[in-house]
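Student: prediction below, plus the sequence it came from.
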Amino acid sequence: MYAPRIERLNETFATRQLGLYGPDLAAIACFFQPPFSAPTQHLAAAEQSRLLNHAGFALRAVGRLGDANMAISLKDATGAAFAFGNLAELYLTLGRLGDAVVSGETALSQSERSEDFNIRVHCRRNCAESALATGRIGEANALISAAEALWTERVPHRPLLFGFAGYFMCDLLLCRGRIAEVIARGRYMQELAGTRWEPLTEAFNMLTISGPHWLIILLLQTPLMSQIWQLATCVKRMLSTNFHVPY
């Protein structure tokens, strides 16, 4: 019932589309003994791993950072990579930068053993975040560029990162003073405006477009009020559905 009706299989519909992290945690609590550290042994090992990592992500989204720290699975390479990636983001939130760097690097090494393409991109972005937070801008740029190259190789018709990864790339480019590239990426995201995204991805896409608006206005005298209004509308829609942003 949970997978086909609530998650809609691989869509993670309740959380990604509706932002219902709290109700989703209530729904999956019955799969743990006790919540949220030990999944029931009636589930297959792969399902236990996926459920633990899903719980850790959702717990972080609702602010239960201590519980999120416990809900990790190391039973397989993909699960371990996702778990350590979650931990890296959690430690960044807590300000534990050293732990974030170690967790991010562990996630990256585990992802190299995984056949999951998305987790390999995700873990490179995790490491890039930790590197930027600790002032290693060059290393952060190399990691996020490697993530984008990996993405482009697999999805050549949509060559640039989008969502949070795309927003992070623009943030890093601004740190390096490469404003023209940020503007170009914003225009690229405008060209994809008709694409149907999940709410969180759409919000970060709008930030990619409108985030550096003041720089663009100063440099090019280009009014971007329509993009700013779209961003505000997107955020308002997320808030109206109690959407929790786990970043």
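Tutor: Yep, it's here. Residues are numbered from 1 along each chain as shown.
Student: and residue 157, which of the three is it?
Tutor: Each residue gets one of three states, and residue 157 gets coil by DSSP: H, G, I helix; E, B strand; the rest coil.
Student: for it, give me its contacts.
Tutor: Listed by C-beta atoms under 8 Å, 6 or more residues apart in numbering, the contact set of residue 157 is empty. The way it works is simple: take the backbone N, C-alpha and C, and place the C-beta from them, glycine included.
Student: relative to residue 206, how far out is it?
Tutor: Here the distance between residue 157 and residue 206 works out to 22 Å (C-beta to C-beta, to the nearest Å).
Student: can you check residue 189 too?
Tutor: With C-beta to C-beta as the criterion, residue 189 and residue 206 are 8 Å apart.
Student: how many other residues sit next to the residue nearest to residue 57 when sequence neighbours are not counted?
Tutor: Nearest residue to residue 57 in three dimensions, chain neighbours excluded: residue 86, at 5.7 Å (C-beta to C-beta, 6 or more residues apart in numbering). Burial of residue 86, expressed as a neighbour count using other C-beta atoms under 10 Å, amounts to 27.
Student: now do the one 10 residues further on
Tutor: As a burial measure, residue 96 scores 15 neighbours (other C-beta under 10 Å).
Student: check residue 191 too.
Tutor: Counted with other C-beta under 10 Å, residues neighbouring residue 191 total 8.
Student: could you check the pLDDT of the residue nearest the centre of the chain?
Tutor: Centrality entry for the chain: nearest residue to the mean C-alpha point is residue 164, 5.7 Å, by C-alpha atoms, centre = their mean. Looking at residue 164, its pLDDT is 85.
Student: that one against residue 205, yeah?
Tutor: No: in terms of C-beta atoms under 8 Å, residue 164 does not count as a neighbour of residue 205; the distance is 9.5 Å.
Student: contact partners for residue 93?
Tutor: Under the criterion of C-beta under 8 Å, 6+ apart, the contact list for residue 93 reads 60, 65.
Student: residue ranges with poor pLDDT in the protein?
Tutor: Applying pLDDT under 70 to the chain flags residues 1-20, 66, 68-78, 211-247.
Student: cutoff 80 now
Tutor: Low-confidence segments of the chain (pLDDT under 80): 1-30, 32-80, 82-83, 86, 114, 193-203, 207-247.
Student: which stretches in it count as helices?
Tutor: Ranges of helices in the chain, per DSSP state H, are 21-28, 45-61, 65-70, 77-94, 97-111, 117-133, 137-154, 163-175, 179-191, 199-210, 213-220, 225-240.
Student: could the ones you listed go into TSV alongside distance to residue 34?
Tutor: Conversion of the helices of the chain to TSV gives the following (distance: least, C-beta to C-beta, whole Å):
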stretch	distance to residue 34
helix 21-28	13
helix 45-61	12
helix 65-70	11
helix 77-94	19
helix 97-111	25
helix 117-133	28
helix 137-154	37
helix 163-175	32
helix 179-191	44
helix 199-210	30
helix 213-220	48
helix 225-240	32
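Student: among those, which comes closest to residue 37?
Tutor: helix 65-70 (5.3 Å; C-beta to C-beta).
Student: circling back to that earlier point, which one of the helices of the chain lies nearest to residue 36?
Tutor: Scanning the helices of the chain with C-beta to C-beta as the criterion, the closest one proves to be helix 45-61, at 4.4 Å.
Student: now do the closest one and helix 77-94, the angle between them.
Tutor: Angular relation of helix 45-61 and helix 77-94 on a 0 to 180 degree scale: 10 degrees, by axes from the mean of the first three to the mean of the last three C-alpha atoms, to 10 degrees.
Student: next one: helix 45-61 to chain centre, how far?
Tutor: 15 Å (C-alpha atoms, centre = their mean, to the nearest Å).
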